[in-house]
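> Dropping a prediction and its sequence here:
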Amino acid sequence: MALIRELKRDYRQMKSFAHERDLILNLVRRDFVLQYKGSVLGIFWSLLLPLSQMLVLVFLFQKIVPLGIQAYPAFLITGLLPWNWFSSSISSAGNLFLNNRDLVRRPNFANSLLMVISALTNLLTFLISLPILFGILAFYGMGMKIPLVFFPLLVMIQGMLIVGLGLIIAILNVFYRDVAHVVSVAIMLMFYITPVFYETKAVSGKYHFLFTWNPMAVLIQSYRAVFFYGTPPEWGSVLYAFLISAVLCGIGYVVYYRQMHNVVDLI
């Protein structure tokens, strides 16, 4: 019963905040600006960082260890941008509540919104980088095609995945400060078992389960289908990614509702 009461209370809080979009937008803008505060180039770093990553990986896998993928820069950027959204959001989730103590302690504030705001802030970086993606695709003669209409669906699914995992990590890290460090290592390892810079068909058959069961691998291949290949995503895989993301999002909120009062006491 206590969980149900807390769920209803938090739902009312979130519903009230739905009518205060200016507050949410201001918090997103604040977090985005703080990422580049004090730097000379400021917001342009959000464009330079994915470009520099792309150039390094293109040099490595086109010149030093060629993978033989046609239009490789375009192939790479379609996986790199959604991966950066995921990795940036999950990497910062560990200290989410610790770095926002004042908001967490604020009465009548739905603290789960902090993870939503973090995901939206990093999504903004993703969206700002889209002109780079479209420019590279245009350079290789790949214009906008009808399957782009599926882009918002993929963003929604990835957003659920990020918020769910982020809430679990943010809660656990308050009790066990090693969690944030473990997540950093896990993100680094996960990069290599997610087809950001290579094709899954090049992987030995006995290891294909790593990509079949990895929702981010499914999502990146879906983004690549929409942007690079100009085809609709594979619907069975998208449904799987949606179900996994929805389950993880649900688990994240259950953990949040059950432990948030302890989090407030600890911080």
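Nice, thanks for sending it over. Numbers count the residues shown, from 1 in each chain.
> Share the number of residues neighbouring the residue nearest to Gly230 when sequence neighbours are not counted, please.
In space, and not counting its chain neighbours, Gly230 is closest to Lys145: 4.0 Å by C-beta to C-beta, 6 or more residues apart in numbering. Using the backbone N, CA and C atoms, a C-beta is placed for each residue, glycine as well. For Lys145, the tally of surrounding residues (other C-beta atoms under 10 Å) stands at 14.
> Quick check, pLDDT for Lys145.
The confidence metric pLDDT takes the value 85 at Lys145.
> from now on call the first residue 11
In the new numbering, first residue 11, that becomes Lys155.
> just checking, Arg234 touches Gly89?
Yes. Between Arg234 and Gly89 there is a contact at 5.9 Å, judged by C-beta atoms under 8 Å.
> in this protein, what spans have low per-residue confidence?
In the predicted model, the chain carries pLDDT under 70 at residues 11-30, 48-52.
> ok so, going back, identify the contacts common to Arg234 and Gly89.
Common neighbours of Arg234 and Gly89 (criterion: C-beta atoms under 8 Å, 6 or more residues apart in numbering): Pro205.
> And the next helix or strand past the one helix or strand Leu182 maps to?
Under the criterion of DSSP states H and E, Leu182 resides in helix 161-185. Elements were assigned by DSSP H and E; along the chain past helix 161-185, the next helix or strand is helix 188-202.
> mind checking how far that next one is from the chain centre?
Per C-alpha atoms, centre = their mean, to the nearest Å, the displacement of helix 188-202 from the mean C-alpha position of its chain is 14 Å.
> ok now do the residue most central in space within the chain, which residues does it touch?
The residue lying closest to the centre of the chain (C-alpha atoms, centre = their mean) is Phe96, at 2.5 Å. Contacts here follow C-beta under 8 Å, 6+ apart; on that basis Phe96 touches Gln168, Leu171, Ile172, Met226.
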